[in-house]
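Participant: Dropping a prediction and its sequence here:
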Amino acid sequence: MLGIAKERSFVKEIKITKSSVSFRNELADRRWYLTFKRAFDIIFSSLVIVFLLSWLVPLLALLIKLDSKGPVFFVQKRVGFLGRTFLCFKFRTMVVNSACDRQQAVSNDPRITRLGEFLRISSLDELPQFINVLMGDMSVVGPRPHMHKDNEDFQKIVNNYRLRHYAKPGITGMAQVKGYRGPAKNFHSIFHRYQWDAFYVRNANTSLDIKIIRLTAIQILKSIFSFRRKEKAERTQQILMENTPGLVFAKTVSPE
């Protein structure tokens, strides 16, 4: 229950500045919500670890090892609550590379393994973060944690970006259910992702958390089905390429 005690007293740890005093008082008014949130995190993460990760981790560990060389888990330093550093756990979805702590994954990234692509699309790669939730470094719902380089870069282009740190980072969050998943490619995606995270920090409540969890579950199911449709389309295209080379040639020749 140490995590709950920390939730009740964490406001005292925020540095008092002219811009943060009113926000700190607002968080203090929500101490019972934060207490309930931590209790929910402990119960929910414990159930996931016992009834899901207990059998899924060995299965995915075997598949990851067969798919590519390297460790099963990817452990990275991320920016957490009040800007503190913590070790964030994920299933490894890339080949081992030296750029993982400074370069975001992008669409069709050659570093991503075939199994890793499915794990990312289905969000199964994030499941080990329930261990982070149980440890108290993360919450089920909250702004997604960034690696240090991204956090430093985003702070340079978005004013008051540190507002995100007034809530524990989450496995899922407001920005994610609003469609801002994956890499932040430009100012538009960075800024609007921050806007939704800031909205959550200012308006977090139990009903909003439940809604975000529900929408996340729907998103995951849609992503899994879209991945299956993509695989089917790729297999169909491969069969056409193998059996009708003239058709492929026609597609590649310029109409000029």
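Facilitator: Looks like it came in fine. Computed from a predicted structure; not experimentally measured. Numbers count the residues shown, from 1 in each chain.

Participant: And the strands in the protein?
Facilitator: 73-79, 85-91, 139-141, 170-172 (DSSP state E).

Participant: Output these as TSV; include the columns distance to residue 198 and mean pLDDT.
Facilitator: Using the backbone N, CA and C atoms, a C-beta is placed for each residue, glycine as well. Shown next, in TSV, are the strands of the chain (distance: least, CB to CB, whole Å; pLDDT from 0 to 100):
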stretch	distance to residue 198	mean pLDDT
strand 73-79	16	97
strand 85-91	21	98
strand 139-141	15	98
strand 170-172	14	97
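
Participant: Nearest to residue 194, out of the ones you listed?
Facilitator: Closest to residue 194 of the strands of the chain, according to CB to CB: strand 73-79, at 13.5 Å.

Participant: now the closest one, how far from the chain's geometric center?
Facilitator: 12 Å (CA atoms, centre = their mean, to the nearest Å).

Participant: between that strand and strand 85-91, what angle do the directions make?
Facilitator: 150 degrees (axes from the mean of the first three to the mean of the last three CA atoms, to 10 degrees).

Participant: and strand 73-79, which residues are buried?
Facilitator: Using 16 or more other CB atoms under 10 Å as the test for burial, strand 73-79 gives 74, 78, 79.

Participant: of all these, which comes closest to residue 90?
Facilitator: Relative to residue 90, the closest of the buried residues of strand 73-79 is residue 74; by CB to CB it sits at 4.7 Å.

Participant: give the contact list for that closest one.
Facilitator: Residues in contact with residue 74 (CB atoms under 8 Å, 6 or more residues apart in numbering) are 89, 90, 91, 92, 93, 94, 100.

Participant: from the residues you listed, which single one is nearest residue 70?
Facilitator: Proximity of those to residue 70 was ranked by CB to CB; the top entry is residue 92 with 5.8 Å.

Participant: Enumerate every residue touching that closest one.
Facilitator: For residue 92, the contact set (CB under 8 Å, 6+ apart) comprises 64, 70, 71, 72, 73, 74, 116.

Participant: Identify the bridge partners of the residue nearest to it when sequence neighbours are not counted.
Facilitator: Nearest residue to residue 92, sequence neighbours excluded (CB to CB, 6 or more residues apart in numbering): residue 74, at 4.3 Å. As for beta bridges, residue 74 partners with residue 90 under DSSP bridges.

Participant: biggest separation within the contacts of residue 74, which pair?
Facilitator: Across those, no pair lies farther apart than 89 and 94, at 14.9 Å, counting by CB to CB.

Participant: Buried residues of stretch 50-67, list them for me.
Facilitator: Buried residues in stretch 50-67, defined by neighbour count with 16+ other CB under 10 Å: 53, 57, 60, 64, 67.

Participant: Can you add pLDDT and give those residues back as CSV?
Facilitator: Listed next are the buried residues of stretch 50-67 as CSV, based on pLDDT from 0 to 100:
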residue, pLDDT
53, 97
57, 96
60, 97
64, 97
67, 95
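
Participant: Out of the buried residues of strand 73-79, which is nearest to residue 213?
Facilitator: Relative to residue 213, the closest of these is residue 78; by CB to CB it sits at 20.9 Å.

Participant: residues contacting that closest one?
Facilitator: Counting by CB under 8 Å, 6+ apart, residue 78 touches 85, 86, 87, 88, 145, 146, 147, 148, 169.

Participant: Does the first one touch residue 77 like I think?
Facilitator: The reference is to residue 85. Yes: with contact defined as CB atoms under 8 Å, residue 85 reaches residue 77; the gap is 5.3 Å.

Participant: who touches both of these two?
Facilitator: residue 148.

Participant: Select, from the contacts of residue 78, the two members most distant in space.
Facilitator: Greatest spacing in the contacts of residue 78, by CB to CB: 87 and 146 (14.0 Å).

Participant: possible to save the contacts of residue 74 as TSV with distance to residue 214?
Facilitator: Formatted as TSV, the contacts of residue 74 follow (distance: CB to CB, whole Å):
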residue	distance to residue 214
89	24
90	23
91	24
92	29
93	25
94	30
100	32
